[in-house]
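Q: Pasting the sequence and the predicted model now:
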Amino acid sequence: MLREIRGDLEFRNELIRAQAYYSIAAPIRQNLHARVGHLLSQQQLKADAPSLEIGWHYLRGGLPDLAAQFGISGAEDALAAGAPAEAQQILEALLSFQHDEHLGRRMELLLSKALLDRSDASKAMPLLETLLRSSCLNPRDRAEVTRLVSNAEFLLAKSSRSLRVAAAKMALDAARETGDTELLLKALLEYARTCKVLGDEEGIRQTRCETARLIDSCSHLPSAYLTIAYCDYYTYEVHSALLSLVKAAQLISRDLAQLSFVHSGIGSCHSRLCAFRRADWRRLENVQNLVQPDACIYHARPLRRSDPTWLPEH
């Protein structure tokens with residue numbers, strides 16, 4: 001009836017688990033969830049504290065205020081690990097309760113990111129429009145929302161050319177005003193994507209030049225080399241793009257979603273260079289990264305990932 005998974009016991013059959021769970025009276029279940037949440041939260045100072053799991057236990061234990069802090073932390077970890085579905089589930093559950101405006105806006109921002117990571121721009125756009133009207137966003141968050149709006153416009157592909165370029169430029173300007181290099185690099189990549197879709201090669205070259213200047217000023221972040229690689233690939237400097245992607249892969253520490261994106265790009269570059277065995281090896285390595293045991297939020301369930309979008313094979 002039970003089996004051991006990485007040191008934990010679980011039911012072999014989901015139907016048996018459900019039957020055992022619902023055979024317990026609802027008030028007792030709620031109390032047990034709250035107690036488990038309290039027990040797990042004592043590990044919150046540890047690096048491997050299961051924040052997402054704690055959030056769910058507090059939610060099911062009828063303690064949404066306690067669930068919020070762990071749910072937000074867990075959602076951030078899920079997004080970094082390339083599991084937007086996990087983040088979306090807990091954030092939507094949390095937002096069904098009443099929270100103070102600042103906390104609610106934080107959840108909406110993270111939910112918007114999760115939806116866009118799953119390419120659900122039509123559902124994310126109303127949230128982003130609400131956030132843009134909010135008066136409680138700090139300059140960095142407002143710049144981040146502006147960038148996400150540009151991303152949503154890119155995914156929807158329904159806006160006119162002028163509106164999509166304007167959205168990308170607005171996101172760039174907002175990022176520059178914050179002085180946040182990481183945010184600026186994200187906006188630059190978003191702008192490069194828009195230029196690529198609209199066939200604006202000059203815009204791609206300008207984006208590359210600005211990113212190169214950031215690297216020259218000691219901004220050696222993975223996203224900088226990723227942006228350089230993206231621009232080089234679409235201006236047919238494939239070998240240069242490959243070198244930048246390898247550098248980005250060396251710099252990435254815990255963002256498995258970004259690492260997957262980079263490895264996909266490396267495989268595409270090798271294919272373009274007719275190094276097909278290396279391309280296959282990189283794709284295999286990418287699959288291994290996606291299923292590694294450390295990439296889990298629940299010990300017995302691997303993270304789900306949206307399909308990474310990189311460079312098309314030509």
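A: Yes, it's here.
Q: Which residues are in contact with His231?
A: I think there's a mix-up here, since residue 231 is Cys and not His. If you count contacts by C-beta atoms under 8 Å, 6 or more residues apart in numbering, Cys231 has them with 192, 204-205, 207-208, 211. From N, CA and C alone the C-beta is placed, and that goes for glycine too.
Q: Now the closest residue to it other than its chain neighbours: which helix or strand?
A: With C-beta to C-beta, 6 or more residues apart in numbering as the criterion, Cys231 has its nearest non-adjacent residue at 3.8 Å, and that residue is Arg208. Under the criterion of DSSP states H and E, Arg208 resides in helix 201-216.
Q: Show me the contact partners of that helix.
A: For helix 201-216, the external contacting residues (C-beta under 8 Å, 6+ apart) are 181, 184-185, 188, 191-192, 194-196, 224-225, 227-228, 231-232, 234-235.
Q: Could I get the pLDDT score of the residue nearest in space to the middle of the chain?
A: The geometric centre of the chain, computed from its C-alpha atoms, lies nearest to Leu79 (C-alpha atoms, centre = their mean), at 3.7 Å. Listed pLDDT for Leu79 reads 89.
Q: mind listing what it touches?
A: Under the criterion of C-beta under 8 Å, 6+ apart, the contact list for Leu79 reads 87, 110, 113-114, 117, 257.
Q: so which of those residues comes closest to Ile266?
A: When the contacts of Leu79 are compared for distance to Ile266, the smallest value, 15.4 Å, is given by Ala257; criterion: C-beta to C-beta.
Q: Just say helix, strand or coil for the closest one.
A: Reduced to three states with DSSP: H, G, I helix; E, B strand; the rest coil, the structure at Ala257 is helix.
Q: Setting the sequence-adjacent residues aside, check what's closest to it.
A: Of all residues not flanking Ala257 in the chain, Gly82 sits nearest, at 3.2 Å (C-beta to C-beta, 6+ apart).
Q: Distance of Leu109 relative to Arg161?
A: In this view, Leu109 and Arg161 are 28 Å apart by C-beta to C-beta, to the nearest Å.
Q: more neighbours, the two?
A: Neighbour totals were compared for Leu109 and Arg161, and Leu109 leads with 20 against 12 (other C-beta atoms under 10 Å).
Q: so the more buried one is in which element?
A: With the criterion set as DSSP H and E, the secondary-structure element containing Leu109 is helix 101-117.
Q: Phe97 now?
A: Using DSSP H and E, Phe97 falls outside every helix and strand.
Q: Just give me the neighbour total for the nearest residue to it once chain neighbours are set aside.
A: The shortest distance from Phe97 to any residue that is not its chain neighbour, by C-beta to C-beta, 6+ apart, is 4.0 Å, and that residue is Pro64. Residues near Pro64, counting by other C-beta under 10 Å, number 18.
Q: and Pro64, what does it touch?
A: Contact criterion C-beta under 8 Å, 6+ apart gives 58, 94, 97, 99 as the residues in contact with Pro64.
Q: Neighbour-wise, give me the winner out of those.
A: Greatest neighbour count in those, by other C-beta under 10 Å, goes to Tyr58: 26 neighbours.
Q: Tell me who's in contact with it.
A: By C-beta under 8 Å, 6+ apart, the contact set of Tyr58 is 33-34, 37, 64, 66-67, 70-71.
Q: so which of those residues would you say is closest to Glu177?
A: If you rank those by distance to Glu177 using C-beta to C-beta, Gly71 comes first, at 30.5 Å.
Q: residues touching the residue lying closest to that closest one once chain neighbours are set aside, list them.
A: The spatially closest residue to Gly71, leaving aside those adjacent along the chain, is Gly55, at 3.3 Å (C-beta to C-beta, 6+ apart). Applying C-beta under 8 Å, 6+ apart, we find Gly55 in contact with 67-68, 70-74, 90, 94.
Q: Now find how far off-centre stretch 225-232 is within its chain.
A: In terms of C-alpha atoms, centre = their mean, to the nearest Å, the centre of stretch 225-232 is set 19 Å apart from its chain centre.
Q: Give the rounded mean pLDDT of it.
A: The average pLDDT for stretch 225-232 rounds to 94.
Q: ok, now stretch 238-245?
A: Confidence over stretch 238-245 (mean pLDDT, whole number) is 93.
Q: Contacts for it next, please.
A: The list of residues contacting stretch 238-245 from outside it, by C-beta under 8 Å, 6+ apart, reads 225-226, 228-230, 232-233, 262, 265-266, 269-270, 272-273.
Q: Check the residue nearest to Cys231 and give its pLDDT.
A: If you check Arg208, the pLDDT there is 94.
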